[in-house]
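# I would like to see how this sequence folds:
(chains A, B, C and D)
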Amino acid sequence: MAPLLEVYNLKKYFKTRGGLLHAVDDVSFTVENGETLGVVGESGCGKTTLGRTIMHLLPPTEGRIVFEGKDISKPKKPELEELREKMQIIFQDPFSSIDPRMTLGEAIMEPLVIRGGMSKADMIAETRKLMDTVGLASRFENSYPHELDGGRRQRIGIARALSLRPKFIVCDEPVSALDVSIQAQIINLMLDLQEEYGIAYMFVTHDLSVVKYISNDIMVMYLGQVVEKAPADELFDHTLHPYSKALLSAVPIPDIHKKTKRISLMGEISSPVDPPAGCRFMPRCLYACERCAQPQVMEESTPGHFVSCCRYKELAGKEEEQ
Amino acid sequence: MEKKRKNSRLREIWFQLKTNKLAVVALIILIILIIVAILAPVIAPYHYAEQHPKDSYAPPSAKYLLGTDKLGRDIFSRLIYGSRYSLSMGVIAVAIAAVIGITVGSVAGYYGGWVDNLLMRFLDVYQSIPMFLLCVTLAAILGPSLRNAIIALGICTVPGYARIMRATVLTVREKEYIEAEKAINAKDPRIILKHIIPNAMAPIIVEITMGVGSCILSGASLSFIGLGAQAPISEWGAMISDARSVMREAPQLSLYPGICVMLAVLSCNLLGDGLRDALDPRLKN
Amino acid sequence: MSEELLEIKDLRIEYHTDESVIHAVNGIDLSVKKGQTLGLVGETGAGKTTIAKSILRILPGLQAKILSGEIRFEGKDLLSVSEREMRKIRGNKIAMIFQDPMTALNPIETIGFQISETLKIHNKLTKKEARKKACEMLELVGIPSYRYDEYPHQFSGGMKQRVVIAIGLACNPELLLADEPTTALDVTIQAQVLEMMAELKEKLDTSVILITHDLGVVANFCDSVAVAYAGEIVERGTVEQIFDHVAHPYTEGLFASLPRLDRRERRLKPIKGLMPDPAALPEGCSFCDRCPYAEERCFKTKPADVELEPGHIVKCFRVAGGE
Amino acid sequence: MLKFIGKRLLMLIPVLIGITLVVQLLLEVTPGDPAKLMLGMNATPERVAALREELGLNDPFLVRYGRYIWNLCHGDLGNSFMTGRPVFSEMIQRFPYTLVLVCISLFLSVVFGIPLGVFASTHQHTWKDNLAMFAALFCVSMPAFWFALMLIQRFAVKWRLLPLSGIASWKGWVLPCVALALGFTATITRQTRSNMLEVIRQDYITTARAKGVSEVTIKYRHALKNAVTPVIMVVGGMFGMMLGGALISETIFSIPGLGQYTMQALNSRDYPVIQSSVLVLSLLFAIVILLVDIIFALIDPRIRSQYISKRQKEARTDQKKEDQEKGAAHSEGR
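Okay, the predicted model is just below:
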């Protein structure tokens, strides 16, 4: 079966006074039906822009997006409307992604109202059902978002996204603003929903541990480009790209007996405005060499494991020597 | 559900406003002023232009509550009628300015790009002329009358509303929930009417409340220099102007209308302050 | 013990707002040993920042009320010293680093001024000396000293946090209160900053209270841990005691709900429910509503501190049960 | 810095062109024939027509506008219809009076307004603050011309302490300046207070406190410096309002400044004078705004550095825009 979503060479540039800001630069990937693609990266890597571009909240600069076998790179209005019933988005900040003047019930019902074709009673019933699905007690129906805590607010966001029965949901850091205990509740809820409705997720986050939990495939981004892409376990077991390695090692592990050897990176992320042609990670990379100034090619090391680094083979060898 | 929500929103604002004693007092004063203005012919003992030549400069008495002026006109009645002119000056001028300003500001803010650029550059030029100077010039050119003064005031105060509306629309437009609305297929008119405008209204409401006050003030100034209400209309500023020539003989004549202007403007400002806190509890100190 | 640098006893703090009284801190006991790092862990609203600010006595004066308690620092009760004396301690003996480097620096002063200011106040240095010392501090936190005269907006988030740390450490304080110093930063930057902090701590022999919600950070940088929940310390002890012998159900739940890089599980075990409203705390144990082991007595009476082993103190009936 | 000033000076040009255009247009749509006005009620139509021809009033709009600009560039603002004297020399003569009046008033407002605002903010939640704030609101709500009359009534008529009008000695300046300054002082007080309260809440103030900085230093160095920056913006806008206020003040106190000149011209429809007044006063206003921008840039490093280093230019321009918008919103809020 064809993948649910295919993205080829997607680019999204913003014009700024300093020059072209390469927010997403030549990104390709696929998402299978009912599976989860995790997109990891630090702030400024373009992961959020990528999600919005696929949702057509931002028009892509270049590249092809294929959904259910149909090219949707430049959708016409009716197409786009149809598309948005199948693709939804959950935002990072549940505090700002719901109109503060809507009650919880109204907010969840709104997508149904806009789609139309349902009687008011049906819509109310459907809303209650959705609230139940995401674990919101019906007594909150007339509450305003500011009266609720972050976890419940994020549940509203999920219910809204779910209401049109989409096949694909872009989740833009949905748990980053939440406390650990609440975060776990929401992650479990999302996993349950995926199982029940067979939804595919594109899970955008900066948190590697979360992404490990929820993803089938993981894509690591740096400055608008994909540096490594692999099935989740493969990525964690055989990390190839120097940036992915550094990223992994930087996560403090909550176990006093497993002290990780940290790979300290030099400096900070460089400017995404008119970046040089070579490897974008080069200025911070411990293994940078002359070849890195050339444009990098994505290579498949083992089936399904892609890496965009000209030295990955040498580096893998080196590590074994050690 | 719809109705209930609107009510509860209003109730919430009222609840917040209630905690501010001064604002409540201001609101009551304004309501009284409006009632007085509407019922002026009923309340006032005399018509504002009615002259009693025999009773020139009469002291306060049961017959003339606050005395009379040179022509023997009852000051109290004139003040009551004056509320009609002064208030309408404020309200109508603000209405003109707000309607134009909100429209211009929303268009500029929502569509952005060259429309925004053009409108904003135009406002830049507009605002580089000192506001009161422009207003006086306009009023003088249109010819001195109450109506023309209101028009001049209205036109001159447009930029304030336009800028505030534009700024708020710009911030609201960038909010994530607007993006969320787009993601569920909400169309532009729905987004603008149901989400952007209601969320952008708060600063404008405050601005309008304060604006009524400042238009009453500027209106009075216009009348004072003879470019607003013309005799015998007893607009408060015009009354002060009348009284100016007899300041030695009857200083109280300029005192009363001044106090009236101040009371009305003060109430608007207090209410505006109160509303600002009520609409945006964040700003409350 | 004599080596305790800071000891907090039965601290209670309330916030009074227009509508309600928020019980932010409800009788906590804490201690920090000299040269050690204490990790203060807890979720939003657990009262962590309030504790830190109360040590420096910089709580918002009008709303916050310290009801009772004692904060002993070098033999003095900080809650009863004069404001004058307190000012000599702030920034000098006890310094604080704030969560958001973006807003913690004055936007219209040079970073150099902001570092040297504290030196001028406490060490009575001349302008020139202060500048020299501030430049050293900058180099110490990894910022070239020629950037002395630059303004905060010219620095990135991670760099700003370094500046904030330099301000904190400028006077060589005995105790550093670090309030979520890396939460606002990216992972790789967080690693850089934390590592630098740990190094400086060793070098300057400073004790640290590290406030965080990240158990990973605690495991890597702390000697002892205190777990805060709803204004109480529900469990405290050394890292070994907490990480290897979890006793309190909340701490247990916290560990279970953590997605882990180092393990393979398909499902997290979250704690059910939410933290109680600090304006209306339950009568009994504050965790009773969410606790999987809650018994009747948990709802009625507050559990007292139980010392499991020396230094490992838990607020729970279950561990006190005598098993 | 020079680049910044140069750039802002260049931006003045389109604004000036805009102003002249607006003024010309305004007069265009005005009912009434200036020629008739000049010759009085009982002029013959022939004389009116001749004068119209002489004044070039029959030429198309663009021609007249072009001529106006051309003359303007030569320092020729035309002759007054009423007196026949050149407007330019007349204005030069009157200009100092207005400038003195407005500058003294502005100075008074700032000198009293800012400390009062700081005072109120540092005494928040006490009766002192409440009283100061109510008094300020009171003053904001008071018609300035009425206040002027009350002052005259008390100080000149009743107590005879100060002259009724005219500026024969320094005493003559007292009342006009006080009258003009009052409302603006109150506005600055309110603005300063709310800025101070806003700034006091910021994290960097807590940082300063945690450093052991004394409360006094915190308030007067850290907070005030941050709080005053937006006030400067407001002061710029206020200058324009004061110019407007000068129209009335000068008339009431018979000060022979530009305001009085303009008022007289308005009453007699003396077009060249009206046109020139609006232009000159607006130009003055624009220059002050420019000065304010420069001061603002000097105080706020975020804007200053914009013209020093090119890095991150973008973000900072946006920041500045935002600040300006805020400033504009503030000055309009009055």
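# low pLDDT regions in the stretch 151-285 of chain B?
Filtered on pLDDT under 70, the stretch 151-285 of chain B yields the residue ranges B:280-285.
# write out the residues of it neighbouring chain D.
B:159-160, B:163-164, B:167, B:207, B:210, B:213-214, B:217, B:220-221, B:224-227, B:237, B:240, B:244, B:247-248, B:251, B:254-255, B:257-258, B:261-262, B:265-266, B:268-270, B:273, B:285 (C-beta under 8 Å from any C-beta of the partner chain). (C-beta placed from N, C-alpha, C; glycine too.)
# in helices only, show me the residues you listed.
B:159-160, B:163-164, B:167, B:207, B:210, B:213-214, B:217, B:220-221, B:224, B:237, B:240, B:244, B:254-255, B:257-258, B:261-262, B:265-266, B:268-270, B:273 (DSSP state H).
# quick check, the residue in the stretch 101-250 of chain A closest to chain D?
The minimum distance from the stretch 101-250 of chain A to chain D, using C-beta to the nearest C-beta, falls at A:Leu223 (16.6 Å).
# let's verify the residue nearest to that residue when sequence neighbours are not counted: helix, strand, or coil?
Of all residues not flanking A:Leu223 in the chain, A:Arg280 sits nearest, at 4.0 Å (C-beta to C-beta, 6 or more residues apart in numbering or on different chains). Of the three states, A:Arg280 takes coil under DSSP: H, G, I helix; E, B strand; the rest coil.
# I'd say A:Arg280 and A:Val226 touch.
No: the pair A:Arg280 / A:Val226 is not scored as a contact, 10.8 Å apart, by C-beta atoms under 8 Å.
# convert stretch B:180-194 to CSV, retaining C-alpha atoms only.
Presented in CSV, the C-alpha positions along stretch B:180-194 are these (Å, rounded to 0.1, in the frame of the first residue of the first chain):
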residue,chain,number,x,y,z
ALA,B,180,-6.2,26.8,14.6
GLU,B,181,-9.3,28.2,13.1
LYS,B,182,-7.8,28.1,9.6
ALA,B,183,-6.8,24.5,10.3
ILE,B,184,-10.5,23.5,10.8
ASN,B,185,-11.5,25.2,7.6
ALA,B,186,-13.0,28.4,9.1
LYS,B,187,-13.4,31.0,6.4
ASP,B,188,-12.1,34.5,6.5
PRO,B,189,-15.3,36.3,7.4
ARG,B,190,-15.9,33.8,10.2
ILE,B,191,-12.4,34.3,11.5
ILE,B,192,-12.6,38.1,11.3
LEU,B,193,-16.1,38.4,12.7
LYS,B,194,-16.2,35.7,15.3
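# buried sites along that stretch?
B:Ala180, B:Glu181, B:Lys182, B:Ala183, B:Ile184, B:Asn185, B:Ala186, B:Ile191, B:Ile192, B:Lys194 (16 or more other C-beta atoms under 10 Å in any protein chain shown).
# ok, stretch D:2-14 next?
Buried-residue list, stretch D:2-14, by 16+ other C-beta under 10 Å: D:Phe4, D:Arg8.
# can you check stretch D:160-174 too?
D:Leu162, D:Pro163, D:Leu164, D:Ser165, D:Ile167, D:Gly172, D:Trp173, D:Val174.
# and for the residue in the stretch 101-250 of chain C that chain A sits nearest to, the neighbour number?
Residue nearest to chain A within the stretch 101-250 of chain C (C-beta to the nearest C-beta): C:Gly216, separated by 3.2 Å. For C:Gly216, the tally of surrounding residues (other C-beta atoms under 10 Å in any protein chain shown) stands at 19.
# okay, it: pLDDT?
pLDDT recorded at C:Gly216 is 89.
# so for it, what's the nearest residue that isn't a sequence neighbour?
Nearest non-adjacent residue to C:Gly216 (C-beta to C-beta, 6+ apart): A:Pro252, at 3.2 Å.
# and that neighbour, how far is that from B:Leu170?
Distance of A:Pro252 to B:Leu170, computed by C-beta to C-beta, to the nearest Å: 40 Å.
# the two: which is more packed in?
Neighbour count, other C-beta under 10 Å: between A:Pro252 and B:Leu170, A:Pro252 has more, with 24 against 18.
# the more buried one is in contact with C:Cys222, isn't it?
No: A:Pro252 is beyond contact range of C:Cys222, at 10.7 Å (criterion: C-beta under 8 Å).
# tell me who's in contact with B:Ala200.
Contacts for B:Ala200 (C-beta atoms under 8 Å, 6 or more residues apart in numbering or on different chains) come out as B:Ser106, B:Met165, B:Thr168, B:Val169, B:Val172.
# quick revisit: can you give me the neighbour number for the residue of the stretch 101-250 of chain A closest to chain D?
Around A:Leu223 there are 22 residues (other C-beta under 10 Å).
# could I get the average pLDDT for the helix or strand hosting B:Val24?
Per DSSP states H and E, B:Val24 falls inside helix B:21-38. The average pLDDT for helix B:21-38 rounds to 93.
# in that helix, what's buried?
Applying 16+ other C-beta under 10 Å to helix B:21-38 flags B:Leu22, B:Ala23, B:Val24, B:Ala26, B:Leu27, B:Ile29, B:Leu30, B:Leu33, B:Val36, B:Ala37 as buried.
# my read: the fourth one touches B:Ala264, true?
The one in question is B:Ala26. No: using C-beta under 8 Å, B:Ala26 is not in contact with B:Ala264; the gap is 9.9 Å.
# shaky segments in chain A?
A:1, A:260, A:319-322.
# how about the residues of it near chain D?
So chain A meets chain D at A:Thr16, A:Arg17, A:Gly18 (C-beta under 8 Å from any C-beta).
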